[in-house]
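Q: Predicted structure and sequence below. I'll ask about it afterward.
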Amino acid sequence: RQMCIIDMSRNTALRCAPDCKYSDKAACCYPFEHYAFWERALGRSLVVPSFGENLTTDGLLESEVCLGDVFAVGSAVLQVSQPRQPCFKVALFHGVREFPRWIQQHGRTGFYLRCVQAGEIVPGAELRLLERPYPWATIAEANRLMHRDKQDYPSLARFLELPVLSASWRKTFQARLAGQLEDTRPRLEGPLAD
(Lines give C-alpha, C1' and ligand atoms only; values in the text may rest on other atoms or scores of the structure.)
Protein backbone atom coordinates (compact mmCIF):
# COMPACT_ATOMS: atom_id res chain seq x y z
CA ARG A 1 0.00 0.00 0.00
CA GLN A 2 1.37 3.39 -0.96
CA MET A 3 1.77 6.01 1.76
CA CYS A 4 2.29 9.58 0.67
CA ILE A 5 2.07 13.23 1.66
CA ILE A 6 -0.88 15.00 0.04
CA ASP A 7 -0.54 18.49 1.46
CA MET A 8 2.13 20.33 3.36
CA SER A 9 0.05 23.00 5.12
CA ARG A 10 0.95 25.99 2.98
CA ASN A 11 4.61 24.97 2.74
CA THR A 12 6.38 24.07 -0.44
CA ALA A 13 8.86 22.10 1.64
CA LEU A 14 9.23 21.09 5.27
CA ARG A 15 12.68 21.06 6.77
CA CYS A 16 13.18 18.84 9.74
CA ALA A 17 16.06 18.74 12.20
CA PRO A 18 16.61 16.39 15.18
CA ASP A 19 17.39 19.31 17.53
CA CYS A 20 14.01 20.96 16.94
CA LYS A 21 12.62 22.87 19.95
CA TYR A 22 9.59 20.57 19.92
CA SER A 23 11.51 17.37 19.31
CA ASP A 24 8.60 14.99 19.98
CA LYS A 25 6.28 17.10 17.81
CA ALA A 26 8.38 18.07 14.81
CA ALA A 27 5.44 17.43 12.47
CA CYS A 28 1.74 16.71 12.93
CA CYS A 29 0.16 14.23 10.51
CA TYR A 30 -3.53 13.92 9.80
CA PRO A 31 -4.99 11.21 7.53
CA PHE A 32 -6.80 12.46 4.45
CA GLU A 33 -9.07 9.42 4.77
CA HIS A 34 -10.82 11.13 7.72
CA TYR A 35 -11.89 14.21 5.77
CA ALA A 36 -15.00 12.59 4.24
CA PHE A 37 -16.16 11.42 7.68
CA TRP A 38 -15.87 14.93 9.14
CA GLU A 39 -17.47 16.54 6.10
CA ARG A 40 -20.54 14.34 6.66
CA ALA A 41 -20.54 15.06 10.42
CA LEU A 42 -20.20 18.82 9.93
CA GLY A 43 -22.40 19.01 6.84
CA ARG A 44 -19.88 21.00 4.83
CA SER A 45 -16.77 20.66 2.69
CA LEU A 46 -13.37 20.93 4.32
CA VAL A 47 -10.25 22.41 2.80
CA VAL A 48 -6.93 20.67 3.40
CA PRO A 49 -5.44 21.33 5.95
CA SER A 50 -8.39 21.66 8.34
CA PHE A 51 -6.94 20.04 11.46
CA GLY A 52 -3.80 22.07 12.09
CA GLU A 53 -1.62 19.41 10.54
CA ASN A 54 1.73 20.03 8.86
CA LEU A 55 1.35 16.89 6.78
CA THR A 56 -1.91 15.58 5.35
CA THR A 57 -1.22 11.92 4.62
CA ASP A 58 -2.74 9.09 2.63
CA GLY A 59 -2.34 5.50 3.78
CA LEU A 60 -1.42 6.14 7.43
CA LEU A 61 -4.33 5.39 9.76
CA GLU A 62 -4.30 5.29 13.56
CA SER A 63 -5.24 1.60 13.54
CA GLU A 64 -2.08 0.77 11.55
CA VAL A 65 0.58 3.31 12.54
CA CYS A 66 2.59 2.40 15.65
CA LEU A 67 4.64 4.34 18.16
CA GLY A 68 8.27 4.00 17.13
CA ASP A 69 7.54 3.47 13.43
CA VAL A 70 10.38 4.99 11.41
CA PHE A 71 9.68 6.41 7.96
CA ALA A 72 11.95 7.72 5.24
CA VAL A 73 10.31 10.62 3.42
CA GLY A 74 12.16 12.92 1.08
CA SER A 75 15.65 13.23 2.50
CA ALA A 76 14.36 13.07 6.10
CA VAL A 77 13.87 10.17 8.49
CA LEU A 78 10.96 10.53 10.92
CA GLN A 79 9.68 8.48 13.87
CA VAL A 80 6.15 8.32 15.29
CA SER A 81 6.23 9.74 18.84
CA GLN A 82 2.61 10.05 20.03
CA PRO A 83 -0.99 10.49 18.95
CA ARG A 84 -2.19 14.02 18.59
CA GLN A 85 -4.42 15.28 21.39
CA PRO A 86 -7.02 17.59 19.85
CA CYS A 87 -7.42 20.93 21.59
CA PHE A 88 -9.79 23.89 21.65
CA LYS A 89 -8.06 25.47 18.62
CA VAL A 90 -9.75 22.99 16.26
CA ALA A 91 -13.09 23.96 17.87
CA LEU A 92 -12.36 27.64 17.26
CA PHE A 93 -11.29 26.97 13.66
CA HIS A 94 -14.45 25.00 12.85
CA GLY A 95 -16.85 26.90 15.10
CA VAL A 96 -17.95 23.70 16.86
CA ARG A 97 -17.27 23.68 20.59
CA GLU A 98 -17.46 19.89 20.99
CA PHE A 99 -15.26 19.10 17.99
CA PRO A 100 -12.09 18.18 19.96
CA ARG A 101 -14.12 15.70 22.01
CA TRP A 102 -15.62 14.20 18.87
CA ILE A 103 -12.15 13.73 17.39
CA GLN A 104 -11.02 11.93 20.57
CA GLN A 105 -14.15 9.78 20.82
CA HIS A 106 -13.84 8.60 17.22
CA GLY A 107 -10.07 8.05 17.50
CA ARG A 108 -9.42 10.15 14.40
CA THR A 109 -6.65 12.13 16.04
CA GLY A 110 -3.69 11.92 13.72
CA PHE A 111 -0.21 11.68 15.24
CA TYR A 112 3.12 13.42 15.72
CA LEU A 113 6.54 12.64 14.31
CA ARG A 114 9.99 13.38 15.68
CA CYS A 115 12.91 13.99 13.34
CA VAL A 116 15.59 11.28 13.40
CA GLN A 117 17.59 12.54 10.40
CA ALA A 118 17.47 16.09 9.08
CA GLY A 119 16.04 16.52 5.64
CA GLU A 120 13.49 18.14 3.37
CA ILE A 121 10.01 16.89 2.52
CA VAL A 122 7.94 18.06 -0.43
CA PRO A 123 4.25 17.52 -1.28
CA GLY A 124 3.67 14.21 -3.02
CA ALA A 125 6.65 12.58 -1.27
CA GLU A 126 6.22 8.87 -0.62
CA LEU A 127 6.75 7.51 2.88
CA ARG A 128 8.69 4.30 3.17
CA LEU A 129 8.43 2.31 6.41
CA LEU A 130 11.96 1.48 7.62
CA GLU A 131 11.24 0.03 11.07
CA ARG A 132 8.27 -1.11 13.15
CA PRO A 133 9.79 -2.16 16.48
CA TYR A 134 6.50 -2.14 18.46
CA PRO A 135 3.72 -3.50 16.22
CA TRP A 136 1.33 -3.81 19.17
CA ALA A 137 1.65 -0.11 20.13
CA THR A 138 -0.73 1.39 17.60
CA ILE A 139 -1.87 4.99 17.71
CA ALA A 140 -5.40 3.62 18.20
CA GLU A 141 -4.31 1.63 21.27
CA ALA A 142 -2.52 4.66 22.74
CA ASN A 143 -5.65 6.75 22.13
CA ARG A 144 -7.75 4.11 23.92
CA LEU A 145 -5.58 4.46 27.01
CA MET A 146 -5.41 8.24 26.91
CA HIS A 147 -9.08 8.96 26.28
CA ARG A 148 -11.22 5.98 27.27
CA ASP A 149 -9.63 3.29 29.46
CA LYS A 150 -7.64 5.67 31.64
CA GLN A 151 -7.20 3.16 34.46
CA ASP A 152 -6.02 0.17 32.43
CA TYR A 153 -2.88 0.01 34.57
CA PRO A 154 -1.26 -3.06 32.97
CA SER A 155 -1.47 -1.46 29.51
CA LEU A 156 -0.27 1.92 30.82
CA ALA A 157 2.74 0.17 32.37
CA ARG A 158 3.47 -1.62 29.09
CA PHE A 159 3.43 1.69 27.16
CA LEU A 160 5.76 3.23 29.73
CA GLU A 161 8.32 0.57 28.79
CA LEU A 162 8.53 2.08 25.29
CA PRO A 163 11.68 4.20 24.96
CA VAL A 164 10.04 6.00 22.01
CA LEU A 165 7.01 7.28 23.98
CA SER A 166 6.99 11.08 24.01
CA ALA A 167 7.90 12.92 27.21
CA SER A 168 4.42 14.43 27.65
CA TRP A 169 2.60 11.10 27.28
CA ARG A 170 5.14 9.43 29.58
CA LYS A 171 4.43 12.05 32.25
CA THR A 172 0.65 11.58 31.93
CA PHE A 173 0.83 7.77 32.07
CA GLN A 174 3.22 7.86 35.06
CA ALA A 175 0.83 10.16 36.92
CA ARG A 176 -2.07 7.80 36.22
CA LEU A 177 -0.15 4.85 37.62
CA ALA A 178 0.34 6.99 40.73
CA GLY A 179 -3.44 7.48 40.91
CA GLN A 180 -3.61 11.00 39.46
CA LEU A 181 -6.01 11.72 36.58
CA GLU A 182 -5.40 14.88 34.58
CA ASP A 183 -7.98 17.61 33.98
CA THR A 184 -8.53 17.69 30.21
CA ARG A 185 -10.84 20.73 30.23
CA PRO A 186 -8.08 23.35 29.66
CA ARG A 187 -6.88 21.47 26.56
CA LEU A 188 -10.34 20.74 25.20
CA GLU A 189 -12.06 23.99 26.08
CA GLY A 190 -9.35 26.65 26.59
CA PRO A 191 -11.00 30.07 26.42
CA LEU A 192 -14.31 28.40 25.50
CA ALA A 193 -14.73 27.11 29.07
CA ASP A 194 -17.65 28.56 31.03
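A: Looks like it arrived, so ask away. Numbers count the residues shown, from 1 in each chain.

Q: secondary structure class for Leu127?
A: Classification of Leu127 by DSSP: H, G, I helix; E, B strand; the rest coil places it in strand.

Q: Next, find the distance separating it from Cys115.
A: Leu127 is 14 Å from Cys115, where distance means C-beta to C-beta, to the nearest Å. Placement of C-beta: from N, CA and C, glycine included.

Q: do the same with Val80
A: In terms of C-beta to C-beta, Val80 sits 12 Å off from Cys115.

Q: okay, those two: which has more neighbours?
A: Between Val80 and Cys115, counted using other C-beta atoms under 10 Å, the more crowded position is Val80 (26 against 21).

Q: This structure: helices as residue ranges?
A: 35-42, 88-94, 99-106, 139-143, 153-160, 167-177, 185-189 (DSSP state H).

Q: Can you mark which positions in the third one are buried?
A: Burial within helix 99-106, assessed by neighbour count using 16 or more other C-beta atoms under 10 Å, is assigned to Phe99, Pro100, Arg101, Trp102, Ile103, Gln104.

Q: Tell me the one of these nearest Leu55?
A: Checking the buried residues of helix 99-106 against Leu55 with C-beta to C-beta, the nearest one is Ile103 at 17.0 Å.
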